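Colleague: Kindly generate the corresponding structure for this input.
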Amino acid sequence: MLRLSEVKLPLEHTETDIQSAILKKLSIAPRDLIRHFIFKRSYDARKKGAVSFVYIIDIETTREQQLLQRFKKDPHIVPTPDTSYRYVTHAPAGLEQRPIVIGCGPCGMFAGLLLAQMGFRPIILERGKAVHDRSVDTFGFWSKGKFNPESNAQFGEGGAGTFSDGKLYSRIKDANHHGRKVLAELVNAGAAAEILYINKPHIGTYRLVKIVENIRNQIESLGGEIRFQSRVAQLNIENGQVCGVTLASGEHIASNQVILAVGHSARDTFEMLHQAGVYIEAKPFSIGFRIEHPQAIIDKCRLGSQAGHPMLGAADYSLVHHCANGRSVYSFCMCPGGQVVAATSEVGRVVTNGMSQYERSGKNANSGIVVGITPEDYPDSPIAGIEFQRRLEERAFELGGGTYKAPGQLVGDFLAGQASTQLGTVKPSYKPGIYLCDLSSSLPDYAIEAIREAIPAFDKQLHGFAMDDAVLTGVETRTSSPICIKRGDDYQSLNTKGLYPAGEGAGYAGGILSAGVDGIKVAEAVAMSIQSSIALQKQ
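Modeller: Below you'll find the predicted structure:
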């Protein structure tokens, strides 16, 4: 097959127009084109009111070799790369000890799925509940304020990504096409086939629930085991080698291969690992607020007169500003047509995040507006970032009135340095609700200063971004893990053999797709390590 890139078409085009563009690009007759497949579709909105679609297309043709020769100097016409997934090995018959996966977010779920598909029958331990029951608890907290610290937007089957829009794009390097494997498995589990080719695919929270259940069913059908409400209280280590785990219930499970795929909010687990001597380093993360605007304003700024076109949907944005005080402020986890959600995992603390459903039909757009911070801001220990986050979340809880309402402020008042007393035209979407106040004491002074500088700068790129009625909701602290559990080229902990730190919590991913990819890589490493151990025993 041949791959054609940079095939541009106007917003209003048909399937026939795509075929005509292929024939024109290759200068071939219709009889020479057997069939074509869309590999990627994106749109170019740099010219407002003149949005165009850009395609990457794979084609079958009767003249492949002649065309490759004719266009050998054209970088946009090349052989289609092989993106099919191949398992690195399969489990030997009669394998007794099973690998353990801690956590059933995207990383742990895909690590478990790959191990199950290779015949290794993993045991997956998840501290929270199954995704349906977890959803009941999470939506119950949002609507009624009843909080369960073991079943919420952070903990439970599907991980934090289940309640954060289901975005499936990433900037990671993926030479082995593991990302394609992740997307293909999601489609196999019920996701729309379009996630395989649209540029910024997402699934939406409600649809993710059923997809997660289907992946669980596949793991179990292949001999894997998923145990919910099974929090790991202790990692068992002997002479620098993992030998199993102890659950909070007191049960011991033996294994020399443990994948640590907890999310960025498993703070008690991080503390346990630090006390056990597992090598950990502090890492940068970001802090800030959620900002909400009318989606119509974002659509108009990004798409001009074509705003609202059904082929384009709700527009997004990506912004960054480098401040005079040396800090950088950027938009994070932008959710078109979405809502701001309560994402705490600890009693007496307030945390925000963003979420969209598949349709992205909500009235508001929201994103994090966050400031980068480094371990120099919390230098006491490798896990000091945890306490740094907790202090900010506790302050947000206080400013919100101590009832899990979040502190909020209008952008105009925030820029003017005065407390907000009433809402304007933008109605905040955060549940259990917001409490209007002055957010200036919710973050360190350098962060407040940076955000106050950045918002007017963003307004120059998106007119209306600094509108007085836009709403800020605090605080956003869980942008990424505050630690990195360092691992070597074999994916094992630097000082704890058999421990495989993986995914977002360990500092190796940032989102559903990259976490799933990391889960696959670590599962491959575990499988090969087990095979190597068996081979050595036979010698």
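Colleague: Return the per-residue confidence for K460.
Modeller: On the pLDDT scale, K460 is placed at 97.
Colleague: burial count for it?
Modeller: Counted with other Cβ atoms under 10 Å, residues neighbouring K460 total 10. Where you see a C-beta, it was placed from the backbone N, CA and C, and this is true even at glycine.
Colleague: For my notes, confirm it occurs in a strand.
Modeller: No. Applying DSSP: H, G, I helix; E, B strand; the rest coil, one finds K460 to be helix, outside a strand.
Colleague: What residues does it make contact with?
Modeller: Neighbour list for K460: empty [criterion: Cβ atoms under 8 Å, 6 or more residues apart in numbering].
Colleague: Tell me the buried residues in stretch 384-399?
Modeller: Across stretch 384-399, burial judged by 16 or more other Cβ atoms under 10 Å covers 384-386, 388-389, 392-393, 395-399.
Colleague: For those residues, give me CSV that also has secondary structure.
Modeller: Below are these laid out as CSV (three-state DSSP):
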residue, secondary structure
A384, helix
G385, helix
I386, helix
F388, helix
Q389, helix
L392, helix
E393, helix
R395, helix
A396, helix
F397, helix
E398, helix
L399, helix
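Colleague: Please identify the helix or strand for G368.
Modeller: strand 364-373 (DSSP states H and E).
Colleague: ditto for L114
Modeller: helix 106-117.
Colleague: what residues are up against the residue nearest to R3 when sequence neighbours are not counted?
Modeller: Nearest residue to R3, sequence neighbours excluded (Cβ to Cβ, 6 or more residues apart in numbering): T80, at 4.4 Å. Contact partners of T80, counting by Cβ under 8 Å, 6+ apart, are 1-3, 39, 58.
Colleague: Nearest to N256 among the residues you listed?
Modeller: F39 (41.1 Å; Cβ to Cβ).
Colleague: Where does pLDDT dip in the stretch 351-500 of the chain?
Modeller: Applying pLDDT under 70 to the stretch 351-500 of the chain flags no residue at all.
Colleague: If we use 90, what do you get?
Modeller: Under the criterion pLDDT under 90, the flagged ranges of the stretch 351-500 of the chain are 356-361, 380.
Colleague: Show me what the lengthiest strand in the chain is in contact with.
Modeller: The residue-count maximum for a strand in the chain (DSSP state E) belongs to strand 33-44. Contacts with strand 33-44, where a contact means Cβ under 8 Å, 6+ apart, come from 3, 8, 11, 18-19, 22-23, 51-62, 80, 197-200, 312.
Colleague: who touches S52 in this structure?
Modeller: For S52, the contact set (Cβ under 8 Å, 6+ apart) comprises 8-11, 43-44.
Colleague: what's the closest of these to N256?
Modeller: Y43 (49.5 Å).
Colleague: What's opposite that closest one in the beta bridge?
Modeller: Y43 has the following beta-bridge partners by DSSP bridges: F53.
Colleague: What is the neighbour count of it?
Modeller: 21.
Colleague: Give me the pLDDT for it.
Modeller: 91.
Colleague: Over to D165?
Modeller: Looking at D165, its pLDDT is 63.
Colleague: on that earlier part again, got a quick PyMOL command for the buried subset of the contacts of strand 33-44?
Modeller: Restricted to buried positions by 16+ other Cβ under 10 Å, the PyMOL selection for the contacts of strand 33-44 reads:
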select buried, resi 3+11+18+19+22+51+53+55+56+57+58+59+61+80+197+198+312
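Colleague: Helices - which of the contacts of strand 33-44 land there?
Modeller: Among these, the members falling in helices (DSSP state H) are 18-19, 22-23.
Colleague: Let me have these in JSON lines, adding distance to G507 as columns.
Modeller: As requested, those are exported to JSON lines (distance: Cβ to Cβ, whole Å):
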{"residue": "I18", "distance to G507": "42"}
{"residue": "Q19", "distance to G507": "46"}
{"residue": "I22", "distance to G507": "43"}
{"residue": "L23", "distance to G507": "49"}
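Colleague: quick one: which of those is nearest L235?
Modeller: The closest of these, once distances to L235 are taken by Cβ to Cβ, is I18, at 53.5 Å.
Colleague: Do you have the helices of the stretch 201-350 of the chain handy? List them.
Modeller: Counting by DSSP state H, counting those that start in this stretch, the stretch 201-350 of the chain has helices at residues 205-221, 267-276, 295-303.
Colleague: Now tabulate those in CSV and tack on mean pLDDT and distance to G338.
Modeller: As requested, the helices of the stretch 201-350 of the chain are exported to CSV (pLDDT from 0 to 100; distance: least, Cβ to Cβ, whole Å):
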stretch, mean pLDDT, distance to G338
helix 205-221, 93, 9
helix 267-276, 97, 26
helix 295-303, 95, 9
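Colleague: For K173, which of those is the nearest?
Modeller: Closest among the helices of the stretch 201-350 of the chain, using Cβ to Cβ: helix 205-221, at 25.0 Å.
Colleague: Pull out the buried positions in that closest one.
Modeller: In helix 205-221, counting by 16+ other Cβ under 10 Å, buried: 205, 207-209, 211-216, 218-219.
Colleague: tell me which of the residues you listed is nearest to D174?
Modeller: Nearest to D174 among the buried residues of helix 205-221: I215, at 20.1 Å, using Cβ to Cβ.
Colleague: Tell me, how many residues neighbour the residue nearest to K300 when sequence neighbours are not counted?
Modeller: Spatial nearest neighbour of K300, excluding adjacent residues (Cβ to Cβ, 6+ apart): A307 at 4.9 Å. A307 has 20 neighbours, counted by other Cβ under 10 Å.
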